[in-house]
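Q: Sequence plus the predicted model coming up.
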Amino acid sequence: MVVTKEELRREILKRRTDQDPDEKSVRDERIRENLKGLPEFRPTGTILMFYPIKGEPDITPLFDYILSKGGDLVLPKVDGHNLRMVRLPDPTQVQAGRFRVPEPAAGEEVSPEDLDLAIVPGIVFDRRCYRIGFGKGFYDRLLAKVPAPKVGVGYSFQVVPEVPRDPWDVPLDLVVTDEEVIRR
Ligand code: ADP
Ligand code: MG
């Protein structure tokens, strides 16, 4: 049976938006603990995070955690077909960007090569750490330029045995869910 990226997106996105809010917050806490427990997660470093939309895991409590440890919090800002990396010293200084994703209003740009860790969202992941996003390839274009460990974050029901791959898809090094840490 051949399942397309689009079919997987639709099915898993629905499961994610249909989550019970109480169950979601329990899973969110587990995801944050699993992220903090990674040897790759050194909060003093320069860390790309994301603002959750459409039922994505709430990792925003880690923003203040990183800043309190003296790390650099970096968030993506949509610029045409690309994501620019922008330092965000104050997480309240965000505005709605394209697709209504909160993003830094302004700030110092960071080169993708200078990230110590890239934490990214996704709609579907597989056990080889391949990822399906919203279908615009923003993270594929970015991750191709990131030498640091790349970590996908999602709920355990977002992991399937194998997702369809295209030549431009960039695999992650790790996928962190509420139930496990998958290493490529
Ligand atoms: P997603 O990763 O968001 O699920 P896809 O992998 O389906 O989306 O990619 C969507 C589009 O992004 C594709 O049409 C592809 O041509 C484009 N794309 C992905 N990576 C690159 C790249 N490195 N350079 C140019 N276009 C790219
Ligand atoms: Mg892709």
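A: Cool, got the structure. Ligands and ions are numbered 1, 2, ... in the order given.

Q: can you give me the strands for this protein?
A: Along the chain, the segments classed as strands by DSSP state E run 46-48, 72-79, 82-87, 94-96, 102-104, 109-110, 117-120, 124-126, 131-132, 150-153, 159-160, 174-176, 181-183.

Q: Write out the residues of the chain neighbouring ligand 2.
A: 140, 169 (Cβ under 5 Å from the ion). Where you see a C-beta, it was placed from the backbone N, CA and C, and this is true even at glycine.

Q: switch to 8 Å and redo it
A: Taking Cβ under 8 Å from the ion as the measure of proximity, the chain contacts ligand 2 at 5, 131-133, 135, 137, 139-140, 166, 168-170.

Q: Reformat the residues you listed as TSV; add pLDDT.
A: Formatted as TSV, these follow (pLDDT from 0 to 100):
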residue	pLDDT
5	97
131	98
132	98
133	98
135	97
137	97
139	98
140	98
166	97
168	98
169	98
170	97
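
Q: Of these, keep whichever come out buried.
A: Neighbour-count burial (16 or more other Cβ atoms under 10 Å) is assigned, among the residues of the chain next to ligand 2, to 5, 131-133, 139, 169-170.

Q: circling back: relative to ligand 1, which of the residues of the chain next to ligand 2 is nearest.
A: Using Cβ to the nearest ligand atom, residue 137 is the member of the residues of the chain next to ligand 2 that lies nearest ligand 1, at 2.1 Å.

Q: which residues does the closest one contact?
A: Shown in contact with residue 137 (Cβ atoms under 8 Å, 6 or more residues apart in numbering): residue 168.

Q: Let the chain start at 50 from now.
A: From this message on, residue numbering opens at 50, which makes the last subject residue 186.

Q: So what does it look like in phi/psi?
A: phi 80, psi 10 (degrees, to the nearest 10).

Q: That one and residue 193, how far apart?
A: Here residue 186 is placed at a distance of 10 Å from residue 193 (Cβ to Cβ, to the nearest Å).

Q: which residues are common contacts for those two?
A: The contact lists of residue 186 and residue 193 share residue 217, where a contact means Cβ under 8 Å, 6+ apart.

Q: For the chain, just list every one of the helices.
A: All helices of the chain, identified by DSSP state H, fall at 54-66, 70-85, 110-117, 187-192.
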